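Student: let me see the structure of the following:
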Amino acid sequence: MTREIPSVWARPKKGREQPALSREQIVSEAIKLLDTDGLDALSMRNLGKRLYAGATSLYRHVVNKDELIELAIDEVYGEIEVPSGDDWRAGVISTAQSVRAMITRHPWVGSVLGQVGLSYLGPNVIRMSDKMLALFEQGGFGLVDGNRAMRLVLSYVIGAGIGEAAWLTSLARSGLSDAEWAEQVLPLAKQAAAPYPRLLAALDTPDTEDLFAYGLDALLDGLVAKRP
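Tutor: Prediction:
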């Protein structure tokens, strides 16, 4: 017996129904709710209230909250720009920065990637992946190595983006600026690190390097070195 795949992308669309709400309207409002109130606030009931619609209208398009999040993830992936040009590495770096920016605009994304359904089947995710794979192919990577490189870069960017989004969320909740936070927390960090001279010295050493760019360059250098 063939089991049904639990994903909105694997479920055929319903016939010729013309509901008052479109899937696009539902997804757009869901993203606004997620951006302002976070993942915990998203429910079919809350979304229905914002859309002035009953649950029946929503269930014509999505069967549950997981499918709704799948659609929202793919929609925000449509914001990612993958440039084309002669410099494949510059294109990958630009794409990575675009993914990073998307995650910081939508902090909830990081907490649901890889956890809900088959999000990577969405058309925007597929389109972005194909364009990014073309960049690595342009850089002399075969399809297998290019696909592996693409996945590693995206894993790095998503991981870094999740951490940055969490930091920005905490900072916003504190009501402090970046400088104010550092002014208050750095003395506490130094006090805690006092028994560890090496760590204390590191805290006292200025570091102006863009850590994200540094890590991405190091990853790309390693991928190029391993390129057949």
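Student: what's the domain layout of this protein?
Tutor: 18-76, 80-226 (automatic domain parsing).
Student: which one of the ones you listed lies closest to Ser7?
Tutor: Of all these, domain 80-226 sits nearest to Ser7, with 3.9 Å by Cβ to Cβ. Any C-beta I mention is one placed from the backbone N, CA and C, and that applies to glycine too.
Student: pretty sure Lys152 contacts Leu220?
Tutor: Lys isn't right for residue 152; it's Leu. No: at 9.7 Å, Leu152 and Leu220 do not qualify as touching, with contact defined as Cβ atoms under 8 Å.
Student: and Glu4, what's its pLDDT?
Tutor: You'll see Glu4 listed with a pLDDT of 66.
Student: and the one 10 residues further on, by the same measure?
Tutor: In this model, Lys14 is scored at 57, pLDDT.
Student: of the domains of the chain, give the one that comes closest to Ala10.
Tutor: Across those, closest to Ala10 is domain 80-226 (Cβ to Cβ), at 6.8 Å.
Student: hang on, the earlier thing: what's the closest of the domains of the chain to Ile5?
Tutor: It is, among the domains of the chain and with distance given as Cβ to Cβ, domain 80-226, at 6.9 Å.
Student: could you work out the end-to-end span of the closest one for me?
Tutor: For domain 80-226, the first-to-last residue distance is 27 Å (Cα to Cα, to the nearest Å).
Student: related to what we said a few turns ago, between Leu152 and Leu220, which one's more packed in?
Tutor: More crowded of Leu152 and Leu220, by other Cβ atoms under 10 Å: Leu220, with 20 against 14.
Student: residues in contact with the more buried one?
Tutor: For Leu220, the contacting residues are 89, 92-93, 153, by Cβ atoms under 8 Å, 6 or more residues apart in numbering.
Student: where does it land in three-state SS?
Tutor: Classification of Leu220 using DSSP: H, G, I helix; E, B strand; the rest coil returns helix.
Student: after the host helix or strand of Leu58, which helix or strand is next?
Tutor: Using DSSP states H and E, Leu58 sits within helix 55-59. The first helix or strand that comes after helix 55-59 along the chain, using DSSP H and E, is helix 65-77.
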